[in-house]
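**Q** sequence plus predicted model, see below.
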Amino acid sequence: QQQVKQSPQSLIVQKGGISIINCAYENTAFDYFPWYQQFPGKGPALLIAIRPDVSEKKEGRFTISFNKSAKQFSLHIMDSQPGDSATYFCAASKAGGSEKLVFGKGTKLTVNP
Amino acid sequence: DVKVTQSSRYLVKRTGEKVFLECVQDMDHENMFWYRQDPGLGLRLIYFSYDVKMKEKGDIPEGYSVSREKKERFSLILESASTNQTSMYLCASNILGQPFHFGPGTRLTVT
C-alpha cells in the first residue's frame, strides 16, 4: 500500500509563477515531513521539512503548508525559476525523522523561461 | 559537510552475476539506507541498518542482501542479478533526528 501519495506526477510552470505539489499520508504516527529536490544525475537533497506542531514553514521562496486533520501537506514554490526545474519528492517518517523515510512517487517540475 | 559516496556511478552486469554496491559515509552516522529509484515509482526502501552488523528489511528486500561490517560502510548485494533489478540505487545515511544525506546514486543495468 502506498503510504504517501504525491500529485501531480509532472508540472509545467512559467517563470515567475507559483508551483504547488501536494502530498497525502495515511499513517497518523508520521511526525516528520521533508521535501527533497533532485536534479538529473544527482542524489536527492533536503529542501525543507516540517513537523506537525506547526501549520506552515517558509524558507525563502519555498513554503510547506501542513494540514494535520486532513493528513495533507504541500510544497509551494513562489516566483518559480528555470533553476527550480527538478524532481521533487515528499516524504514522511516517524520518531521525529529518526526512522526510515517513506517517499512519494515524485513530481517532475519544469519551469519555462 | 556530510559526504556519502557510492563506489560506481554506472555499472553494467549480466544476468546471474553477483553484484556488490558499496556506500561509504564520512560523518559517523549510525543509520544507513539503500533505496532504489524507478520512474513513476519514486524511492523504495530495500534495506536499512541502525548499527554495525544490524540490518532490517525494507519494503522490497527480495533478491537483495546487505552487509555492514563497519560503521561507515554499507554494502548492497544482488545475489543473482536479474533484468528487473535494472535501476538507480541510492544510499543514504543519517544520525538520530537529523536529515538524510544521499549519495549520487549508482545506475545499474542488468543485461
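**A** Sure, I can see it.
**Q** so who does whichever residue of chain A sits closest to chain B touch?
**A** Residue nearest to chain B within chain A (Cβ to the nearest Cβ): residue A:43, separated by 3.4 Å. C-beta here means a position set from N, CA and C on the backbone, and glycine is covered the same way. Contacts for residue A:43 (Cβ atoms under 8 Å, 6 or more residues apart in numbering or on different chains) come out as B:4, B:90, B:92, B:102, B:103, B:104, B:105.
**Q** so of those, which ones are in strands?
**A** Assigned to strands by DSSP state E, the following of these qualify: B:4, B:90, B:92, B:102.
**Q** need the max-distance pair from those.
**A** B:4 and B:90 (9.2 Å; Cβ to Cβ).
**Q** between the two, which contacts overlap?
**A** Shared contacts of residue B:4 and residue B:90 (Cβ under 8 Å, 6+ apart): A:43, B:102, B:103.
**Q** mind putting those residues in a markdown table, pLDDT included?
**A** Putting those into a markdown table (pLDDT from 0 to 100) gives the following:
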| residue | pLDDT |
| --- | --- |
| A:43 | 92 |
| B:102 | 94 |
| B:103 | 94 |
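**Q** quick one: low-confidence ranges for chain A?
**A** A:1-2, A:96-98 (pLDDT under 70).
**Q** so which residues of the chain form strands?
**A** Since you didn't name a chain, this refers to chain A. For chain A, the strands defined by DSSP E cover A:4-7, A:10-14, A:19-25, A:33-38, A:45-50, A:56-59, A:62-67, A:72-77, A:86-92, A:102-103, A:107-112.
**Q** um, chain B though
**A** For chain B, strands defined by DSSP E occupy the ranges B:4-6, B:10-13, B:19-25, B:31-38, B:42-49, B:56-57, B:64-70, B:73-78, B:87-94, B:101-102, B:106-110.
**Q** next up, the contacts around residue B:50.
**A** Per Cβ under 8 Å, 6+ apart, neighbours of residue B:50: B:30, B:31, B:56.
**Q** which residue does chain B have closest to chain A?
**A** Closest point on chain B to chain A, by Cβ to the nearest Cβ, is residue B:102, at 3.4 Å.
**Q** not counting sequence-adjacent ones, nearest residue to that residue?
**A** residue A:43 (3.4 Å; Cβ to Cβ, 6 or more residues apart in numbering or on different chains).
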